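> Next input, structure requested:
(one chain, ligands or ions: 2)
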Amino acid sequence: MNKDIEKIADLSSDEAVCNLLENIEDEQSTVFTRSKSLKPCPIGSSVSGVCCKNCGMGPCRVRENTEGLCGATLGTISARNLARHIAAGASAHSDHGRDMAHLLALTAEGKAEGLKIKDELKLFRFAKNLGVNTGDKSVNEIAKEAAEKAMALFGQQTGALDLIKLAPKKRQEIWEKYKVVPRGIDREVVEMMHRTHMGVDQDPENILNQAIRTALSDGWGGSMVGTEITDILFNTPVPLAAKANLGMLQASEVNIVIHGHEPTLSEIIAELADDKELVDYAKAKGANGINVVGICCTANEVLMRQGIAPIGNFLSQEMAIMTGAVELMVVDIQCIMQSLGELTKRYHTKLVTSSPKCKIPGAIHMEFQEVNGVTLAKEIIKVAIDNYTNRKHKVCIPDVKSDMVAGFSHEYIRYMLGGRFRESFRPLNDGIIDGRIQGIVAVVGCNNARITHDKYHNFLVKELIKKDYLVVQTGCGALATAKCGIMTPEAMEYAGEGLRSICEAVGIPPVLHLGSCVDNSRILTIASEIVREGGLGDDISDLPAAGIAPEWMSEKALSIGTYFAASGVYVAFGGQPIPVESSEEVKNIITNGWQQKFGGQLEYISDIDQLLDKVINVIQEKRKALKIDIKKERVLMDMEARRAL
Ligand code: SF4
Ligand code: MSK
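Ligands and ions are numbered 1, 2, ... in the order given. Sure, this is the predicted structure:
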């Protein structure tokens, strides 16, 4: 690898990652080196045509005015490709949600080792939303019934998913009008796959209507189930301080990295890091203790509730191994690079897969089953401890770490704004109405090795808070911000005057970390609560809000973007084109067409400055429509004026 520092800075904005890239051996293969040697296929990435492999007469490469063997056009194939990505993304989130529902049922029956219901209040609310009659039933009876209802959402055949009733009334009517109300989570995914099979649905708009229905079954179904049950079992997050980046690896401790998306086993591993017997065992091997840290969304889950340090996001996973300090990396599902299998062979690191759904050549498989959580977690920690003395590379931990505050749930946001007895979104709505907050922007999603790691996330977040936009984040985007040090209350100094005044009054950072990828469902709930609070229209599409996935990579991001658009939000994707780029017909459907029907849209904008301008324009147009576009002076009221009010 070329050690030209400027070229390395083109690969990543993360100082710790650059530091490691400077020091790696020349022949070492990483996602960054592979991004240089393997160029994206222009047809596969839909930049100059599309590729269809949906039957054995293909693959067919189709451009404008050409067609596949069956006659399929550019528009049809583009729509089908996007729809299949959305189905895959929705099924990833939803299968995760299903496992959480299954875990809740086993916990209620006392069969999930080491687990119990931690947030009973949230359980009651969740159960009520699913139509469970709580009566004088015990907590475990309610949990069992709620889990069964949640699992039934996956196989439901008709009617509407219960949780969509949490959306504003007007939004539900729009979904009914356009026949996109999700019926059952599995049903929508299966129908999507059927309709994109060779020779079925050929009308791009009709295909994309089902894509919307599928994405809605993720956001208001599978993902929401995942978030709610994780809070019930492991606690609804409240703000906590933590530190981020590779500098949180400890040279003299047994380092265990948790990576993937499922929280269960990792929550238990993190809890056991202080177990006296295990710590003594680690000390007997010459280590000072056990250090559990995380990557990607498993990290986000355990960060939100236990404050464990996230040492990086998607593009940092190989870097962690290359520090030579990781005894064991335990992975569950999603966003785990296959390269880890080969890479860990060069180091002493043990790679452990824990889900029956994800095995990786080169990894040791130690399967998590709900009944063996604590036993398995202890075994995994012992494997890590035993590996401490096998370190063979010089330990190279970049001395880079940042303070951060995470742990914002919609429940906590209500509470922090109104206090324990008057919790409400009113102060937030008032802040938006009087212009101190110009709008809310969700900057979410992945990293993508085709663009500079974290660069767009960091640029957008800084620009937005400077201009008085409150930023909410999840997933790898949140970790990018944490690593660049602006996820602390002190970062309010970078915020505009209006946003700063609110951050100072409430004591929050200008950027709120809401959790993992499935926790994008929290943003739907917050948007619905803001509408319900009043004063900002009667639907999510009225809100001065937008979503951005500036460095998207995963199919889940496409599902998330689509359920936000279908919920009435303007969504911009940056970095790599979304898989419809060569079809003007499909681009028109998901922008202008969806805007007319759903009040939200999905758009790819390659230039990051233009993307920022567009998002701001969209929000300012919403402010104009709400007649709140004129910044009001803040009036400090005396007692008399308050009484008059
Ligand atoms: Fe080609 Fe049509 Fe088969 Fe696609 S479905 S591979 S366009 S023949
Ligand atoms: S981990 S889906 S790279 S955000 Fe949720 Fe990060 Fe994207 Fe995976």
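
> Could you confirm Gly547 falls within a strand?
Yes. Counting by DSSP: H, G, I helix; E, B strand; the rest coil, Gly547 is located in a strand.

> Just give the number of residues close to it.
27 (other C-beta atoms under 10 Å). C-betas here are computed from N, CA, C, even on glycine.

> Check Arg422 too.
Neighbours of Arg422 (other C-beta under 10 Å): 11.

> what's the spacing between it and ligand 1?
Distance, Arg422 to ligand 1, by C-beta to the nearest ligand atom, to the nearest Å: 59 Å.

> Find me the pLDDT at that residue, would you?
Per-residue pLDDT puts Arg422 at 73.

> Could you say which helix or strand holds it?
Assigned by DSSP states H and E, Arg422 falls within no helix or strand.

> so who does it touch?
Residues counted as contacts of Arg422 (C-beta atoms under 8 Å, 6 or more residues apart in numbering): none.

> Would you mind giving the secondary structure of the residue most central in space within the chain?
With distances taken as C-alpha atoms, centre = their mean, Cys517 lies nearest the centre of the chain, 1.9 Å away. Following three-state DSSP, we place Cys517 in the coil state.

> Flag the shaky bits of the stretch 501-645 of the chain, pLDDT-wise.
Applying pLDDT under 70 to the stretch 501-645 of the chain flags residues 631-645.

> What separation is there between Ser252 and Gly507?
35 Å (C-beta to C-beta, to the nearest Å).

> what do you get for His365?
45 Å.

> Can you tell me, leaving aside adjacent residues, what's nearest to Met322?
Ranked by C-beta to C-beta, 6 or more residues apart in numbering and with sequence neighbours excluded, the top spatial neighbour of Met322 is Leu20, at 5.5 Å.

> helices or strands next to the strand or helix carrying that neighbour in the packing?
Secondary structure assignment for Leu20, by DSSP H and E: helix 15-23. Judged by 3 or more C-beta pairs under 8 Å, 6 or more residues apart in numbering; DSSP states H and E, helix 15-23 is in contact with helix 5-11, helix 317-322.

> Of the ones you listed, give the one that comes closest to ligand 2.
helix 317-322 (9.6 Å; C-beta to the nearest ligand atom).

> if we can go back for a sec, and the residue nearest to Met322, what does it touch?
Neighbours of Leu20 in contact, by C-beta under 8 Å, 6+ apart: 246, 319, 322-323, 396, 398.

> Return the distance of it relative to Leu376.
Applying C-beta to C-beta to Leu20 and Leu376 gives a distance of 31 Å.

> do you know how far Met337 is from Leu265?
20 Å.

> what does Val225 give?
Distance from Val225 to Leu265, counting by C-beta to C-beta: 19 Å.

> What is the neighbour count of Leu69?
Leu69, neighbours per other C-beta under 10 Å, totals 12.

> Name the SS class of the closest residue to it other than its chain neighbours, please.
Spatial nearest neighbour of Leu69, excluding adjacent residues (C-beta to C-beta, 6+ apart): Met57 at 4.4 Å. Following three-state DSSP, Met57 is assigned to coil.

> ok, Met57 touching Cys70?
Yes. Applying C-beta atoms under 8 Å as the test, Met57 and Cys70 come out as touching, 6.7 Å apart.

> Which segments of the protein make up each domain?
According to automatic domain parsing, the chain comprises the domains 58-234, 246-390, 410-629.

> Need those in JSON lines (columns: distance to Ser13).
What follows is the domains of the chain, written out as JSON lines (distance: least, C-beta to C-beta, whole Å):
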{"stretch": "domain 58-234", "distance to Ser13": "26"}
{"stretch": "domain 246-390", "distance to Ser13": "10"}
{"stretch": "domain 410-629", "distance to Ser13": "4"}
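
> Ok, which of those domains comes nearest Val31?
Ranking those by distance to Val31, with C-beta to C-beta as the measure, places domain 410-629 first at 4.7 Å.

> And that closest one, end to end?
Using C-alpha to C-alpha, to the nearest Å, the end-to-end distance of domain 410-629 comes to 26 Å.

> Deepest-packed of the helices and strands packed on helix 15-23, please.
Among the helices and strands packed on helix 15-23, ranked by average contacts under mean count of other C-beta atoms under 10 Å, first place goes to helix 317-322 (a mean of 24).

> could you pull out the strands for the stretch 501-645 of the chain?
511-513, 545-549, 570-573, 601-604 (DSSP state E, counting those that start in this stretch).

> Rebuild those strands as TSV, extending it with distance to Arg171.
As requested, the strands of the stretch 501-645 of the chain are exported to TSV (distance: least, C-beta to C-beta, whole Å):
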stretch	distance to Arg171
strand 511-513	23
strand 545-549	13
strand 570-573	15
strand 601-604	15
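
> For Ser46, which three-state class applies?
Relying on three-state DSSP, one would call Ser46 coil.

> For burial, what's the neighbour tally of it?
Ser46: 23 surrounding residues under other C-beta under 10 Å.

> what's it in contact with, if anything?
78, 81, 577-583.

> correct me, but the residue nearest to the centre of the chain touches Ala478?
No. Shown here, Cys517 and Ala478 do not form a contact pair, counting by C-beta under 8 Å, at 10.1 Å.

> any shared contact partners between those two?
Residues touching both Cys517 and Ala478 (C-beta under 8 Å, 6+ apart): Val444.

> neighbour-wise, which of Met337 and Leu265 wins?
The residue with more neighbours, out of Met337 and Leu265, is Leu265; 26 against 19, by other C-beta under 10 Å.

> I'd assumed Asp186 was in a helix, is it?
Yes. Using three-state DSSP, the secondary structure at Asp186 is a helix.

> Surely it touches Phe154?
Yes. With contact defined as C-beta under 8 Å, Asp186 and Phe154 form a contacting pair (4.9 Å).

> Give me the common contacts of these two.
Contacts common to Asp186 and Phe154, judged by C-beta under 8 Å, 6+ apart, are Ser94.

> what's the spacing between Ala72 and ligand 1?
Ala72 is 4 Å from ligand 1, by C-beta to the nearest ligand atom.

> so what's that residue up against?
Applying C-beta under 8 Å, 6+ apart, the residues contacting Ala72 are 52, 60, 62, 80, 202.

> Quick check: pLDDT value at the first one.
Right, the one you point to is Cys52. At Cys52, pLDDT is 96.

> tally of neighbours for it?
Cys52 has 23 nearby residues by other C-beta under 10 Å.

> any idea how far ligand 2 is from it?
Applying C-beta to the nearest ligand atom to Cys52 and ligand 2 gives a distance of 25 Å.
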